[in-house]
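Engineer: Could you look at this predicted model? Sequence included:
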Amino acid sequence: MSKIIANNIYKIFGPDPLSVMHLLQQGIGKDEVLETTGHTVGLDNVSISIEEGEIFVVMGLSGSGKSTLIRHVNRLIDPTAGEIIVDSQNIIDLDKKDLINFRRDKMSMVFQKFGLLPHKNIIDNVAYGLEIQKKPKQERHSAAMRQIESVGLNGFEYMYPNQLSGGMQQRVGLARALTTNPDILLMDEAFSALDPLIRSDMQKQLLELQVKLKKTIMFITHDLDEALKLGDKIAILNGGRLVQVGKPEDIILNPADQYVSNFVQDVNRAKVLKVKSIMIDSIQGSEGPKVNMNDSIESCLPIILETRSKLNVVNDNDDIVGSISDKEVANILRKN
Amino acid sequence: MVLIKFMVKFLKKYSNYILYTFLFAIFIFLLVNGYQNSRYKPDSLMSVLGSTDWLLNWPKWLDVRLMHWTNDGFGSFIKAYGKYFDVVNDFLLGLIYGLKGILVLAPWPMVIGIVIAITFFASGRSLYTTTFVGIATFFIGFLNPVFWDKALETTSILFIGIFLCMSAGIPGGIAMARNKRVRNFFLPVLDLAQTIPAFCYLIPGIMLFGLGAVPAIIAIFIYAVPPLMRLTDLGIRLVDEEVIEAADSFGASSSQKLFGIQLPLALPNIMQGINQCTMMALSMVVIASMIGTRGLGDEVLLGLQQLNIGRALEAGISIVLLAIVFDRITQAYGATLQSRRGDREINKK
């Protein structure tokens, strides 16, 4: 059973959303609906399922509905139609009180512009989720302190958010989300407001934390490189419709339509594709240099160029699981 | 069931037309009613239509009977509920004179000392503001020894008025921010309260509470509560949407959001509202001297009546000084609050 399932979500903004549902079901597009009825389509029949412990990236340009989608998962936005199932429970049925408890227990969210509380210092910001749960101050602060340490912000706990840089503020946002120890993290363009160096730092930090924490993470971004770097699975939205869902290498190697292929054409394939996605089963003796299946093709290029022949591929336990050859590598890279 | 559904649908679709028809019917009723009851009603409708005189000058029978209704309604209202207003009157008077009694009884250097102490802590230990306010306070009495007690009386009326404004205006502003319908109801009411000339509500005040300080308080309330409500409403609505979303995403209840986030973040605006409220209350206290409210205002009035320019000037300056004292203290407190929350950049500007 998947951790989060969204079934046939529709979201229409406007005075009478239900009245335009039938238009969408006939397959009429977003622009036409806006022109004829004045209703804005946020999401058009989106279904996704997110497995426990994976980073699920939702990618799309602005206006594609990605931020709308993530707000359905904790019901900051209610769908016009459809169901959201978290841990086998349809959260659309929750009443106000249950919804508040659900948000307290199950998930927390990281925001693009951080959403920190400007009138509280860092430690109180990080402890905010526990304060809402009415935990005693001692407990809140010690839990907050642990997370502040885990994101490397020791020594800043009594400063105020506006005294920190953007990158540090977002680490506060991340620490705040982790303090309540939820199963699910919702990250809405969490790193988009940061400059490139700090962004890649934060991406690394998130991946390192994820190895330990194994949370279910839903990550929204408009940046394909970020999606490919973080995502175990990537969903691409266009105009409120789901265009493609798949592993990063699926998206690059088999784009579902013109929209996706336009997106992926400038991607550095050697960097994104892993050895395991192009290796073949046949084994080439047991001699010669070996490459790890989880390495990127880019990182083994020097060895491949040097040997100009087949290389054995090993898994993390050093067992040989297949091989790659220079020809296959050349083929994959040529598709650019 | 089908019929009801049909009715609802019908009403929804034509609600605008129904409203217009209703308003038009009221207008016709006012016309007919005014005509029928007018003292200047012509002998017959035909004699009106026969001549063109009534088109040149506004005819005396074309007169809506608002004055008549108001006076009748107000008269019977006072007859029926006057005794309750007496209770309110006694209560407010008691508060004002109690406060004034304490202030007047205290030796004047002590009062100045208290003002200086309040300013010192409210302004975050700013020596400049404290000295300034201290000198301003001293000069109120220094201008004319008679002014000191009168300033204290004005101050007590102000305090009670502002207290009433705050206890109604801040919750009112919160309600406006949280509910669109409440806001749509209150906005025109506040516009009305600010634009109707003050004398119009001094009159019902006198009729309900007699001459003196209490109708002044009522007038202060009506005149000074709008800016406080508006700024409270604005302050709460200006709180960053993402911060509210963040609170929601952690499962904050609406009271946790209100007291933990919206009110603290709206506080600079609310303080500005209290400041505006204070200034408007002070200006109303002066106007209210015309209905027998005592205090600094009646010194201005006396100067006017006696054509004593010097006295009017002294009284005018002392009112300005009182305004400065109130303004500096409330402004400084607002700024201190802001710097405590860490908005140092805002403070620097």
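Structural biologist: All right, it came through fine.
Engineer: Point out the residues in chain A that sit beside chain B.
Structural biologist: On the criterion C-beta under 8 Å from any C-beta of the partner chain, chain B has as its neighbours in chain A the residues A:71, A:74, A:76, A:99-105, A:107-109, A:111-119, A:121, A:128-129, A:131-133, A:159-163, A:180, A:186. Any C-beta I mention is one placed from the backbone N, CA and C, and that applies to glycine too.
Engineer: Output the longest helix belonging to chain A.
Structural biologist: Determined from DSSP state H, the single longest helix within chain A is helix A:196-213.
Engineer: now what about that helix, what contacts it?
Structural biologist: For helix A:196-213, the surrounding residues in contact (C-beta atoms under 8 Å, 6 or more residues apart in numbering or on different chains) are A:55, A:150-152, A:165-167, A:170-171, A:174, A:178, A:190-192, A:194, A:217, A:226, A:229-230.
Engineer: go again using 6 Å as the cut-off
Structural biologist: For helix A:196-213, contacts defined as C-beta atoms under 6 Å, 6 or more residues apart in numbering or on different chains pick out A:Gly167, A:Phe191, A:Lys229.
Engineer: ok, of those, which one's closest to chain B?
Structural biologist: Of all the contacts of helix A:196-213, A:Phe191 has the smallest distance to chain B: 15.3 Å, by C-beta to the nearest C-beta.
Engineer: tell me the pLDDT at the closest residue in space to the closest one that isn't next to it in sequence?
Structural biologist: The shortest distance from A:Phe191 to any non-neighbouring residue, by C-beta to C-beta, 6 or more residues apart in numbering or on different chains, is to A:Arg199 (4.6 Å). We have a pLDDT of 89 for A:Arg199.
Engineer: do the same with A:Glu287
Structural biologist: A:Glu287 is assigned a pLDDT of 69 by the prediction.
Engineer: now do the one 5 residues further on
Structural biologist: What the model reports as pLDDT for A:Asn292 is 81.
Engineer: For it, grab phi and psi.
Structural biologist: Backbone dihedrals for A:Asn292, given as degrees, to the nearest 10, come out at phi -80, psi 140.
Engineer: what number of residues lie near the closest residue to it other than its chain neighbours?
Structural biologist: Excluding the flanking residues, the one nearest A:Asn292 by C-beta to C-beta, 6+ apart is A:Val314, at 6.1 Å. By the criterion of other C-beta atoms under 10 Å in any protein chain shown, A:Val314 has 17 neighbours.
Engineer: Same question for A:Leu99.
Structural biologist: Counted with other C-beta under 10 Å, A:Leu99 comes out at 17.
Engineer: any idea how far chain B is from the residue nearest to A:Asn292?
Structural biologist: Per C-beta to the nearest C-beta, to the nearest Å, A:Val314 is found 43 Å from chain B.
Engineer: so what's A:Lys30 up against?
Structural biologist: Contact partners of A:Lys30, counting by C-beta under 6 Å, 6+ apart, are A:Val41, A:Gly239, A:Gly240.
Engineer: mind checking the SS state of the first one?
Structural biologist: In the three-state summary, A:Val41 is assigned as strand, counting by DSSP: H, G, I helix; E, B strand; the rest coil.
Engineer: So it sits against A:Gly240, correct?
Structural biologist: Yes. The criterion here is C-beta atoms under 6 Å, and A:Val41 meets it with A:Gly240 at 4.9 Å.
Engineer: returning to that earlier point: the residue nearest to A:Asn292 bridge partners, please.
Structural biologist: When assigned by DSSP bridges, A:Val314 has beta-bridge partners A:Asn292, A:Ile320.
Engineer: Low-confidence ranges, the chain, go.
Structural biologist: I'll assume chain A. For chain A, the stretches with pLDDT under 70 are A:284-287, A:335-336.
Engineer: wrong one, I was asking about chain B
Structural biologist: Checking chain B against pLDDT under 70 turns up B:339-349.
Engineer: Where do the domain boundaries of it fall?
Structural biologist: Domains of chain B are assigned by automatic domain parsing as B:2-56, B:81-348.
Engineer: With distance to chain A and mean neighbour count added, can I get those in CSV?
Structural biologist: Listed next are the domains of chain B as CSV, based on distance: least, C-beta to the nearest C-beta, whole Å; neighbours: other C-beta atoms under 10 Å in any protein chain shown:
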stretch, distance to chain A, mean neighbour count
domain B:2-56, 10, 11
domain B:81-348, 3, 18
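Engineer: Could you confirm A:Gln112 falls within a strand?
Structural biologist: No. Judged by three-state DSSP, A:Gln112 forms no part of a strand; its state is coil.
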